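Chemist: I'll drop the sequence and a predicted model, then ask my questions.
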Amino acid sequence: MRPIIEFCVNNMHHGTEEVMKKLEANPDYDVIEYGCLGNCGECYLFPYALVNGETVAAATADELYEQILAKVKEIEAMFDLLGE
(Lines give C-alpha, C1' and ligand atoms only; values in the text may rest on other atoms or scores of the structure.)
Protein backbone atom coordinates (compact mmCIF):
# COMPACT_ATOMS: atom_id res chain seq x y z
CA MET A 1 0.00 0.00 0.00
CA ARG A 2 1.47 3.31 -1.10
CA PRO A 3 0.11 6.14 1.02
CA ILE A 4 -1.05 9.24 -0.82
CA ILE A 5 -0.06 12.42 1.00
CA GLU A 6 -1.61 15.62 -0.31
CA PHE A 7 -0.56 19.19 0.43
CA CYS A 8 -2.19 22.54 -0.31
CA VAL A 9 0.12 25.16 -1.84
CA ASN A 10 -1.74 27.79 0.18
CA ASN A 11 -0.66 26.08 3.42
CA MET A 12 3.06 26.44 2.72
CA HIS A 13 3.29 29.59 4.87
CA HIS A 14 3.08 27.24 7.87
CA GLY A 15 6.33 25.54 6.85
CA THR A 16 4.73 22.53 5.20
CA GLU A 17 6.97 22.86 2.14
CA GLU A 18 9.88 21.35 4.10
CA VAL A 19 7.63 18.55 5.33
CA MET A 20 6.54 17.86 1.76
CA LYS A 21 10.16 17.76 0.55
CA LYS A 22 11.15 15.28 3.27
CA LEU A 23 8.25 13.01 2.39
CA GLU A 24 8.94 13.26 -1.36
CA ALA A 25 12.39 11.82 -0.68
CA ASN A 26 10.76 8.55 0.37
CA PRO A 27 10.03 6.47 -2.75
CA ASP A 28 7.31 4.55 -0.87
CA TYR A 29 5.05 7.63 -0.64
CA ASP A 30 3.02 9.37 -3.30
CA VAL A 31 3.23 13.07 -2.44
CA ILE A 32 1.02 15.49 -4.34
CA GLU A 33 0.79 19.27 -4.14
CA TYR A 34 -2.47 20.96 -5.11
CA GLY A 35 -3.39 24.60 -5.60
CA CYS A 36 -6.26 24.11 -3.16
CA LEU A 37 -7.64 21.18 -1.20
CA GLY A 38 -10.84 23.01 -0.22
CA ASN A 39 -10.09 23.05 3.52
CA CYS A 40 -9.60 26.80 3.81
CA GLY A 41 -10.38 26.97 7.54
CA GLU A 42 -7.70 24.42 8.42
CA CYS A 43 -5.33 25.83 5.83
CA TYR A 44 -5.46 29.29 7.38
CA LEU A 45 -5.08 28.15 10.99
CA PHE A 46 -2.43 25.43 11.09
CA PRO A 47 -0.21 23.08 9.09
CA TYR A 48 -2.14 20.17 7.64
CA ALA A 49 -2.10 17.54 4.93
CA LEU A 50 -4.34 14.72 3.75
CA VAL A 51 -3.12 11.16 4.18
CA ASN A 52 -5.21 8.79 2.08
CA GLY A 53 -7.96 11.39 2.23
CA GLU A 54 -7.88 11.87 6.02
CA THR A 55 -6.94 15.24 7.46
CA VAL A 56 -3.79 15.27 9.58
CA ALA A 57 -3.04 18.53 11.38
CA ALA A 58 -0.66 19.82 14.03
CA ALA A 59 0.48 23.00 15.76
CA THR A 60 3.81 23.12 13.91
CA ALA A 61 5.27 21.78 10.68
CA ASP A 62 7.63 19.48 12.61
CA GLU A 63 4.72 18.04 14.55
CA LEU A 64 2.81 17.62 11.29
CA TYR A 65 5.67 15.54 9.88
CA GLU A 66 5.55 13.25 12.92
CA GLN A 67 1.73 13.03 12.75
CA ILE A 68 1.88 12.09 9.07
CA LEU A 69 4.39 9.32 9.77
CA ALA A 70 2.19 8.06 12.61
CA LYS A 71 -0.90 8.07 10.36
CA VAL A 72 0.98 6.14 7.66
CA LYS A 73 2.02 3.53 10.24
CA GLU A 74 -1.57 3.31 11.50
CA ILE A 75 -2.88 2.75 7.98
CA GLU A 76 -0.18 0.16 7.24
CA ALA A 77 -1.05 -1.69 10.47
CA MET A 78 -4.72 -1.80 9.45
CA PHE A 79 -3.79 -3.27 6.06
CA ASP A 80 -1.55 -5.83 7.76
CA LEU A 81 -4.42 -6.87 10.02
CA LEU A 82 -6.69 -7.28 7.03
CA GLY A 83 -4.04 -9.31 5.24
CA GLU A 84 -3.92 -6.97 2.26
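Modeler: Received, thanks. None of these values were measured; they are calculated from a predicted model. Residues are numbered from 1 along each chain as shown.

Chemist: drop to CA atoms for contacts and neighbour counts, all remaining ones
Modeler: Fine.

Chemist: Tell me the predicted confidence for the closest residue to residue 16 other than its chain neighbours.
Modeler: Leaving aside its sequence neighbours, residue 16 sits nearest to residue 61 (Cα to Cα, 6 or more residues apart in numbering; 5.6 Å). On pLDDT, residue 61 comes in at 97.

Chemist: these two touch, right, residue 61 and residue 14?
Modeler: Yes. With contact defined as Cα atoms under 8 Å, residue 61 and residue 14 form a contacting pair (6.5 Å).

Chemist: where do the contact lists of those two overlap?
Modeler: Common contact partners of residue 61 and residue 14 (Cα atoms under 8 Å, 6 or more residues apart in numbering): residue 47.

Chemist: Looking at the two, which has the bigger crowd around it?
Modeler: residue 61 (22 against 17; other Cα atoms under 10 Å).

Chemist: could you point out which element follows whichever strand or helix holds residue 42?
Modeler: Under the criterion of DSSP states H and E, residue 42 resides in helix 40-45. Once helix 40-45 ends, the next helix or strand along the chain (criterion: DSSP H and E) is strand 48-51.

Chemist: So what touches that following strand?
Modeler: Under Cα under 8 Å, 6+ apart, the answer for strand 48-51 is 3-8, 11, 16, 42, 55-58, 64, 68, 71-72.

Chemist: Just the buried ones out of those residues, please.
Modeler: By neighbour count, with 16 or more other Cα atoms under 10 Å, those hold 3, 5-8, 11, 16, 56-58, 64, 68, 71-72 as buried.

Chemist: For the protein, give me the ranges with low pLDDT.
Modeler: For the chain, applying pLDDT under 70 flags the ranges 84.
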